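sequence first, then the predicted structure, then my questions.
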Amino acid sequence: MAVVTNTENGVAVTNDDEVRALLNTVDVEYERWDLSRVAADATADEVLSAYSDEIDAMKRRCGFVTADVIDITPEVPGLETMLAKFDKEHTHSDDEVRFIIGGRGIFFLRGMEGQVLSVEVVPGDLIRVPRGTTHWFTLCTERRIRAIRWFQDPAGWSPNYTWSGVDREFEPLCFGPAYFGTLAQKTISL
Ligand SMILES: [Fe+2]
């Protein structure tokens, strides 16, 4: 389960219904998907095959043309340069949909009234950030995440930066595996 924090008052929620309700205030959808069909060391092709029905359904629903598996570890060359692309406030012309299968990270979502929610996503979380939503993303200290991504543009991830600088006002606060219980602890290592 995700941890969603209202950065104005520091109140955090983890209950599925409360997570959904809080994310709905910024028009973001949240689901939990079953992780048991893939092993922690499954290849990208095995992951895409295991979730092919759900991947295709999401393509039909949102107009996506492709999906892939992003796999970030501390060993990825140029990791900090890559993260510096994600952690500046931006929007996309398509929905940003991620199904987390390993590791964890934080989405910051900025609503129409300027409110900022921080969303720590963990394995089993699926999040859909609608096109045009201002947001940014960063990793927790262990620098690991693995996720299925969907795209409308075959070229892949394409940001429109706002250059608002608001992203510099928020420190990523990760609650950590102990917060999430046994399942997350088992799947957190890639
Ligand atoms: Fe994004």
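Yes, it's here.

any low-confidence regions in this protein?
Under the criterion pLDDT under 70, the flagged ranges of the chain are 176-190.

which parts of stretch 29-48 are buried?
30, 35, 38, 42, 47-48 (16 or more other CB atoms under 10 Å). In short, each C-beta sits where N, CA and C put it, glycine included.

so how far is that stretch from its chain's centroid?
14 Å (CA atoms, centre = their mean, to the nearest Å).

now the end-to-end length of that stretch.
Using CA to CA, to the nearest Å, the end-to-end distance of stretch 29-48 comes to 21 Å.

contacts for that stretch?
Stretch 29-48 has contacts (CB atoms under 8 Å, 6 or more residues apart in numbering) with 1-2, 16, 19-20, 23, 50-51, 54-55, 67-69, 71, 99, 101-102, 123-128, 148, 183, 186-187, 189-190.

at 7 Å what do you get?
The contact list for stretch 29-48, computed with CB atoms under 7 Å, 6 or more residues apart in numbering, reads 1-2, 16, 19-20, 23, 50, 54-55, 67, 69, 71, 99, 101-102, 123-128, 148, 187, 189-190.

what's the neighbour count on residue 119?
24 (other CB atoms under 10 Å).

one more: residue 169?
Using other CB under 10 Å, residue 169 has 10 other residues around it.

and if you look at residue 102?
24.

this protein: strands as residue ranges?
3-6, 12-13, 29-32, 66-72, 90-91, 96-103, 105-110, 116-121, 125-129, 134-139, 145-151, 160-161 (DSSP state E).

strand partners (parallel or antiparallel) of the third one?
Here strand 29-32 is paired, per DSSP bridges, with strand 125-129 (antiparallel).

how about the fourth one?
When sheet partners are counted by DSSP bridges, strand 66-72 sits next to strand 145-151 (antiparallel).

re earlier: now the buried residues of stretch 29-48 in a markdown table, with distance to residue 152?
Formatted as a markdown table, the buried residues of stretch 29-48 follow (distance: CB to CB, whole Å):
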| residue | distance to residue 152 |
| --- | --- |
| 30 | 21 |
| 35 | 26 |
| 38 | 25 |
| 42 | 26 |
| 47 | 21 |
| 48 | 17 |
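
find the residue at the geometric middle of this protein.
In the chain, the residue lying closest to the centroid (CA atoms, centre = their mean) is residue 98, at 5.2 Å.

in the sheet, who's paired with the residue lying closest to that residue once chain neighbours are set aside?
Residue nearest to residue 98 in three dimensions, not counting chain neighbours: residue 147, with 4.6 Å by CB to CB, 6 or more residues apart in numbering. Taking DSSP bridges as the rule, residue 147 bridges to residue 70, residue 100.

for residue 13, same thing?
Using DSSP bridges, the beta-bridge partners of residue 13 come out as residue 4.

show me what contacts it?
4, 19, 22.

can you rerun that using 10 Å?
Listed by CB atoms under 10 Å, 6 or more residues apart in numbering, the contact set of residue 13 reads 1-6, 19-23.
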